[in-house]
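Q: Pasting the sequence and the predicted coordinates here, then a few questions.
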Amino acid sequence: ANYLDEGGLLKYGDDGRQRYSFTGKINADLAKWLKVGYSVRFNRIDYSSPSFASAGENKENVFYFDVCRYWPVIPVVDPNGFYTAESKIYQLTEGGRYNTQNDVVAQQLQFLIEPIKNWKTTIELNYRSNYNFSHTDYQTVYAYDVNKNPYAIANTTSGVTEYAYKSNFFNPNIFTEYSLELENGHNMKAMVGFQSELFKQRDITAKQNNIMSGIPTLNTTTDNARASGGYQEWATAGFFGRINYDYKGRYLVEANLRYDGSSRFGTNNKWGFFPSVGLGWRISEETFLANNKVITNLKLRGSYGITGNQEIGNYKSLAQLKSKNYIYNDALMQGFYETIGNPDLKWERTKQFDLGFDLSLWNRIHLNVDYYSRRTSDLLYDVPIPSTSGFSTMLSNIGIVSNKGVEIALSGRIVETKDFKLDATVNIS
């Protein structure tokens, strides 16, 4: 368990952050071939500050920018003993509060099965919940003129905004692996598995203006009630496999295969196939370099693989109904319009080739050189389409980006004594 209380930077208008955390874990051996583990982690963060100094719902808040820009000679108190409007003190102490609470609960249940030596199966069930609630109120703030008469300087219309958010994430992982070590120096390991993700979220926002009697709740506001909210979800599923081989630690081979599906893509292209392979040769393990005091490590390596990206947002492949405000008969009205979908949206794919070597001299100087060539295709882009379709653009996979380069890293221990060590690193790309 852990508790942290952090005070804020403000001298006027309290601000602060409190964090509460708890972690629990239990393991049990139910049989010689079966182990079970359960862990839970809870984390809560409470934050409070003046609404005038916190972005909160107001994403354009510039209080801290104004602090840097204002002249330091501006007086804090006027001749009548009131705080000046430019000091921002009334805005901080009387302008309302921003309070938020965020809870995260993460749990994992794990089963480790080993029916025979070197064959292990792991089953993981991961579940994470996130809860967030925030309250922002804006109170009308007054300063005083030379005749001691009050005048409004901020939040001429008072109001309250409250926001609630909840998300759940479920992630099961199941994989089995088998390793084989032969006396003649051949070593192999194979793994196959399944992984999936399910994420759901929901949020709601409520707003209302004109706070009565200075009590900042939605029930004690009177005008211009607004509410908004929504929910989203996405899911993935994937099958994967990997084979590793090495001979006496000299010759290294690794091959990977992934077959992944995502709910974010069109009905015609939800699944993608992503292979990769890597090769390595530890030359320093060869007999002609064994026990070499100068070249203590020398390795050549290369790899080629394809990876996919599904971080494109939700529902991009579907036609959507969206709202938009417009003026009708001198009044602000809300209307709706439809966006065009694309059932052929697919994974963004990155093909990458790497070639490099690692060199260590006297076990103190280390040189790493890498050449890479990366090409990303099927990037999403809004493509203009004929206006006769009723739409202006359609999201499609047409973008291509290529990158090539060389990266060099040189590091070493310059000085090493009993009481002092000095290392240096240089990177060039």
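A: Thanks, I have the structure now.

Q: where's the residue sitting nearest the centre point of the chain relative to Trp347, distance?
A: The centroid of the chain falls nearest to Glu311 when counting by CA atoms, centre = their mean (11.0 Å). Distance from Glu311 to Trp347, counting by CB to CB, to the nearest Å: 11 Å. No exception for glycine: its C-beta is placed from N, CA and C like everyone else's.

Q: cool, and Tyr165?
A: Distance from Tyr165 to Trp347, by CB to CB: 29 Å.

Q: Which one of those two is surrounded by more residues?
A: Trp347 (25 against 16; other CB atoms under 10 Å).

Q: Ends of stretch 358-374, what's the gap?
A: 21 Å (CA to CA, to the nearest Å).

Q: Looking at Glu57 now. What's its pLDDT?
A: Note on Glu57: pLDDT of 56.

Q: Thr393 too?
A: The model's pLDDT for Thr393 equals 85.

Q: State the three-state secondary structure for the residue located most distally from the centre of the chain.
A: No residue in the chain sits farther from the centre than Asn147, which is 53.8 Å out by CA atoms, centre = their mean. What DSSP: H, G, I helix; E, B strand; the rest coil gives for Asn147 is coil.

Q: Quick check: it vs Ile153, distance?
A: For Asn147, the distance to Ile153 - CB to CB - is 16 Å.

Q: just checking, Leu410 touches His366?
A: Yes - between Leu410 and His366 there is a contact under CB atoms under 8 Å: 7.3 Å.

Q: Looking only at stretch 304-313, what residues are buried by neighbour count?
A: 305-308, 310, 312 (16 or more other CB atoms under 10 Å).

Q: Name the nearest of the residues you listed relative to Pro72.
A: Ile312 (48.0 Å; CB to CB).

Q: List the contacts of that closest one.
A: 264, 345, 348, 380 (CB atoms under 8 Å, 6 or more residues apart in numbering).

Q: now swap in Arg19 and tell me
A: Arg19 neighbours (CB under 8 Å, 6+ apart): 2-4, 6, 43-46.

Q: For ChimeraX, write a command that selects the buried ones of those residues.
A: Entered in ChimeraX, the line below selects the buried ones among the contacts of Arg19, by 16+ other CB under 10 Å:
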select :43,45
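
Q: Quick one: the contacts of Arg19 as TSV, columns for secondary structure and distance to Glu181 too.
A: Shown next, in TSV, are the contacts of Arg19 (DSSP: H, G, I helix; E, B strand; the rest coil; distance: CB to CB, whole Å):
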residue	secondary structure	distance to Glu181
Asn2	strand	42
Tyr3	strand	48
Leu4	strand	47
Glu6	strand	51
Asn43	strand	42
Arg44	strand	47
Ile45	strand	47
Asp46	strand	53
